[in-house]
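S.K.: below: sequence and its predicted model.
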Amino acid sequence: MAIEGQIRSIVDGMSLDEKIRLLAGCDSWHISAVGSASLPSIMVTDGPHGVRKQKEGAGLNDNVPSTCFPPACLMAASWDEAMVERVGCAIGEECIAEEVAVLLGPGVNIKRSPLCGRNFEYYSEDPYLAGKMAAAFIRGVQRNGVGTSLKHFAANSQEKRRMSSNSAVDERALREIYLKPFEIAVRESQPATVMCSYNMINGTYSSDNKWLLTDVLRDEWGFEGAVMTDWGAMNDRAKAVIAGLDLEMPGPSPRNEEKLRKALEDGTLDISDIDKCVSRIVSLILKTGGNERKPYSKEQHHKTASDMASSSFVLLENDGALPLGKGKYALIGAFAESPRYQGAGSSRINPTMLDSIRQSLSENGVEFDYAPGYIVETGESDDGLIKEAVETAMGKKAAIVLIGLPESYESEGFDRSHMNLPEGHVRLVESLIEASVPVIAIVLAGSPVILPFRKNAAALMYCYLGGQGLGSALASVLTGRVNPSGKLPETFPLSVEDTPCFSSFSTGEKNVMYTESIFVGYRYYDWCGKEVAYPFGYGLSYTSFELSSLSVMKNEGNVEVSLSVRNTGKREGAETVQIYVGMENSRIMRPVRELRAFEKVFLAPDEEKRISFTLSRDAFSYYDTVLHSFEVEDGEYIIYAGTSSRSLSLSAAVHIDGLMSVHGAKAEKGKLPPFESLFPSSLPLVEERGEITMNSTVSELLRTEAGKAVLGPIIKAASDAYKAIGGDLETMMMAMLYDMPLRSLSMNSGLDVEAIYKALKEYRRADQ
Ligand code: BGC
């Protein structure tokens, strides 16, 4: 029987109870079995950089061991789709071994600000790069018959108040920036599921947003899979069915089951609406639920994790100190023994093994003396630790200094409030430099930081978060066995004040205004002509490359671009050639140039290769806000080829036929248009009401007398429980709890939120 027929007959054979039950998980990580059709219960699990399978009945950090691959922040720096696909495939194999049907990843939210606490789980500030990386990852995982969940759909670029904030984004920014990576991944790789975000977009919760989940995702992009909620993101269950939201997670959800029954009775919903969602979940079970358990090789996957990391580290500065030579070095920094290698929250993996940097360097023949320099958990240092580090380093060839962000600095659940390194790390590096020690600084962090000493370091390498193979990968790159080839997937600004959304990011307000519109990341810095510390796409190598002989030719509606790349140095290495497109005389505001293609090219010394790209009309398009579609404007475009967004040695002009009359905001170069002018009528804002609703957050409620009386004791009990766990988990869980809307409080807690809601209302009534 064709699959559609099989699905129809299964759905026809299901009772209403069975259907309604299937629309929410049967626990935190499983979808119900369908007894009438003998369909198994399937398991979904985080994601994204490994399989985080929670042990039965255990907490967030108590997981079955699996390979911790480098998080997305580092994977994206590889600019290597084949490598990312290899990692995806290995994760798919681990899903099979653990009987997991759907992996909850990848995350493709745009890095609107370097401060987003969860940036380590996302790829880039650029939608094209993020989309391509996600598409490769999905191809890899799904090759095994395992599903993925592309998340968090959409416009969820901050953690502060993520469960109830309203992202106010103009249509063009949504289409060109925030939806684009999802569009690319869906069109290219058809993920089995998409996970909706917690927040509202222009006043509508993602879970209830028919425009988002059906008109755009399914009807325009051709998405064929199921949509699930983020954990606790369901707003209005009946509206969500109409919107095309199939599965509520976690479950079960008796409150929403009741709502569905009522909606069927009063005619808000028809059984055919329910059947559509049920069919898509049945299809997911059929597609992903039949895999036979097979073991995988831990050693091989560890090697894949290490290879992914060594292809991604970004060399920012080098005066010749790298690769390391003969002679004795100092190894400074407690990260050498306890490395920071992944982020905190729902993606945190319990690794199968973990390289120590100190040990890996020794095993690779590097001679050194070691000093810790700071306290690993806090990053604090003192005179004693610094003195010891300087004494250890004096007279050595150079000091390899490991610095970065301790775990407590960045996590799911909250945003950073600054971009600084711990003061202790900065003091340590500066003291070594003052003592005339050549410093090779190695930074471990999930996001960009300010590097005040960067021009005084002998070498500087950004390793992001390297996964469990970080140590061996680092040893390979420092000793020169592997030539660094990573390129920054985001801009490193000179200061946090320079970032495009500095004044509107993570303010704690309910309405988050995306005032910079399409000018995110390098699009903003280039538009304003701002100097940056390191531009998007930048990264050095131990060898050198030359680009030449650019040719640009029109061919049946496409533009064929080709050029030669030569390795002009003495080592083999890889260069990522980047193609940007710009239009100087546009009739509407446009970024100076935008990434439209890239290729990582591997070359032996003196080798030259001719590479080519086909640019379709998409590469020249903008989103027209009157026609509501991507269109091409008639005119002259410049095609740039280079090795970073600000190192573009080749360019050529090409005329593209298109619309003479285009619609969109206009703005003088370097200026942002008034935010209101980007919307057809008034700003799509929600009111910050004093009223108590199911969407009032815990912190809002605790500011009221009713909240203090009714909710206060419950929150106190929860916070005592988290205090007992302590550490970073406590900080994260408390941040999440305070930002949680009342309706989501029942998640994993068994709390009767309807009863709490009633009690709050009654208290308030009595009080007035
Ligand atoms: C996160 C998701 C994750 C889910 C399940 C949520 O808090 O936002 O990314 O997949 O939890 O752990």
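M.R.: All right, it came through fine.

S.K.: tell me the contacts of the closest residue to V496 other than its chain neighbours?
M.R.: Leaving aside its sequence neighbours, V496 sits nearest to M419 (C-beta to C-beta, 6 or more residues apart in numbering; 4.5 Å). Placement of C-beta: from N, CA and C, glycine included. For M419, the contact set (C-beta atoms under 8 Å, 6 or more residues apart in numbering) comprises 114-115, 447-450, 493, 495-496.

S.K.: who in the stretch 251-400 of the chain is up against the ligand?
M.R.: Residues of the stretch 251-400 of the chain lying close to the ligand (C-beta under 6 Å from any ligand atom) are S346.

S.K.: quick check, the residue in the stretch 251-400 of the chain closest to the ligand?
M.R.: Per C-beta to the nearest ligand atom, S346 is where the stretch 251-400 of the chain lies closest to the ligand, at 3.5 Å.

S.K.: so what's the residue nearest to that residue when sequence neighbours are not counted bridging to?
M.R.: Nearest residue to S346, sequence neighbours excluded (C-beta to C-beta, 6+ apart): D46, at 4.8 Å. Judged by DSSP bridges, the bridge partners of D46 are R52, L104.

S.K.: gap between D46 and V64?
M.R.: Using C-beta to C-beta, to the nearest Å, D46 is found at 12 Å from V64.

S.K.: outline the domain layout of the protein.
M.R.: Annotated domains of the chain cover 41-53+65-134+304-540, 543-678, 698-767 [automatic domain parsing].

S.K.: stretch 191-211 and the ligand in contact?
M.R.: No. Stretch 191-211 lies out of reach of the ligand by C-beta under 6 Å from any ligand atom, never closer than 6.5 Å.

S.K.: averaged pLDDT, that stretch. What do you get?
M.R.: For stretch 191-211, mean pLDDT rounds to 98.

S.K.: buried ones in that stretch?
M.R.: Buried residues in stretch 191-211, counted by 16 or more other C-beta atoms under 10 Å: 191-202, 204-209.

S.K.: quick one: end-to-end length of it, please.
M.R.: Start to finish, the residues bounding stretch 191-211 are 19 Å apart (C-alpha to C-alpha, to the nearest Å).

S.K.: average model confidence for stretch 307-325?
M.R.: For stretch 307-325, mean pLDDT rounds to 98.

S.K.: what is the distance between that stretch and the centre of its chain?
M.R.: Here the centre of stretch 307-325 is set off from its chain's centre by 24 Å, with C-alpha atoms, centre = their mean, to the nearest Å.

S.K.: in PDB, list the C-alpha atoms belonging to that stretch.
M.R.: Extracted as PDB, the C-alpha positions of stretch 307-325 are listed here (Å, rounded to 0.1, in the frame of the first residue of the first chain):
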ATOM      1  CA  ASP A 307      38.500  15.900  13.000                       C
ATOM      2  CA  MET A 308      35.500  18.300  13.100                       C
ATOM      3  CA  ALA A 309      37.100  20.400  15.700                       C
ATOM      4  CA  SER A 310      40.500  20.600  14.000                       C
ATOM      5  CA  SER A 311      38.900  21.600  10.700                       C
ATOM      6  CA  SER A 312      37.200  24.500  12.400                       C
ATOM      7  CA  PHE A 313      39.500  26.400  14.800                       C
ATOM      8  CA  VAL A 314      40.000  30.000  13.600                       C
ATOM      9  CA  LEU A 315      43.500  31.400  13.600                       C
ATOM     10  CA  LEU A 316      43.100  35.100  14.300                       C
ATOM     11  CA  GLU A 317      46.700  36.300  14.700                       C
ATOM     12  CA  ASN A 318      50.100  34.700  14.000                       C
ATOM     13  CA  ASP A 319      53.500  36.400  13.900                       C
ATOM     14  CA  GLY A 320      55.100  33.100  13.200                       C
ATOM     15  CA  ALA A 321      54.800  31.600  16.700                       C
ATOM     16  CA  LEU A 322      52.600  28.900  15.300                       C
ATOM     17  CA  PRO A 323      53.000  26.100  14.500                       C
ATOM     18  CA  LEU A 324      55.000  25.200  17.500                       C
ATOM     19  CA  GLY A 325      58.700  24.300  17.000                       C
END
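
S.K.: tell me who's in contact with T304.
M.R.: 67, 69, 86-87, 90.

S.K.: for the residue in the stretch 351-500 of the chain that the ligand sits nearest to, phi and psi?
M.R.: Across the stretch 351-500 of the chain, no residue is closer to the ligand than E412, which sits at 6.5 Å (C-beta to the nearest ligand atom). Main-chain torsions, E412, degrees, to the nearest 10: phi -60, psi 150.

S.K.: please name the nearest non-neighbouring residue to it.
M.R.: Per C-beta to C-beta, 6+ apart, closest to E412 is G345, 2.7 Å.

S.K.: what does this protein have sitting close to the ligand?
M.R.: Within the chain, the positions lying close to the ligand (C-beta under 6 Å from any ligand atom) are 46-47, 104, 151, 230-231, 346.

S.K.: please redo it, this time with the cut-off set to 5 Å
M.R.: The chain has residues 46, 104, 230-231, 346 near the ligand, with proximity defined as C-beta under 5 Å from any ligand atom.

S.K.: farthest pair in those residues?
M.R.: D46 and D230 (11.2 Å; C-beta to C-beta).

S.K.: isn't K455 right up against D319?
M.R.: No. Counting by C-beta atoms under 8 Å, K455 stays clear of D319, with 10.3 Å between them.

S.K.: end-to-end on stretch 554-571?
M.R.: Counting by C-alpha to C-alpha, you get 36 Å between the two ends of stretch 554-571.

S.K.: that older thread, which one of the contacts of T304 has the most neighbours?
M.R.: F69 (33 neighbours; other C-beta atoms under 10 Å).

S.K.: state the pLDDT value of that one.
M.R.: So, for F69, pLDDT stands at 98.

S.K.: do the one 10 residues further on as well
M.R.: Listed pLDDT for W79 reads 98.

S.K.: quick one: contacts for the closest residue to it other than its chain neighbours?
M.R.: The shortest distance from W79 to any non-neighbouring residue, by C-beta to C-beta, 6+ apart, is to T576 (4.4 Å). When contacts are counted by C-beta under 8 Å, 6+ apart, T576 touches 79, 485, 487, 537, 539, 598-601, 643.

S.K.: ok, now P70?
M.R.: 49, 87, 305, 308-309, 312, 464-467, 469-470.

S.K.: pick the most buried one from the domains of the chain.
M.R.: domain 41-53+65-134+304-540 (a mean of 23; mean count of other C-beta atoms under 10 Å).

S.K.: so, low pLDDT: which residues of the chain?
M.R.: Residues of the chain meeting the criterion pLDDT under 70: 1.

S.K.: in it, which residue is closest to the centre?
M.R.: Y122 (1.3 Å; C-alpha atoms, centre = their mean).

S.K.: picking that back up, correct me, but the residue nearest to E412 touches F414?
M.R.: No. The criterion here is C-beta under 8 Å, and G345 misses it with F414 at 9.9 Å.

S.K.: need the residues touching each of those two.
M.R.: Joint contacts of G345 and F414 (C-beta under 8 Å, 6+ apart) are M732.

S.K.: for A709, pull up the helix or strand it's in.
M.R.: helix 705-710 (DSSP states H and E).

S.K.: next SSE after that helix?
M.R.: Later in the chain than helix 705-710, the nearest helix or strand by DSSP H and E is helix 712-725.

S.K.: what sits up against that following helix?
M.R.: By C-beta under 8 Å, 6+ apart, the surrounding residues in contact with helix 712-725 are 59, 698, 702, 729-730, 733-734, 737, 749, 751, 756.

S.K.: tell me the gap between the one helix or strand V443 maps to and the middle of its chain.
M.R.: When elements are assigned from DSSP H and E, V443 belongs to strand 439-444. Distance of strand 439-444 from the chain centroid (C-alpha atoms, centre = their mean) equals 24 Å.

S.K.: coming back round to it: distance to K397 and secondary structure for the contacts of T576 - can I get that in CSV?
M.R.: Formatted as CSV, the contacts of T576 follow (distance: C-beta to C-beta, whole Å; DSSP: H, G, I helix; E, B strand; the rest coil):
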residue, distance to K397, secondary structure
W79, 32, coil
S485, 25, coil
K487, 28, coil
G537, 32, coil
G539, 24, coil
F598, 36, strand
E599, 37, strand
K600, 32, strand
V601, 33, strand
T643, 30, coil
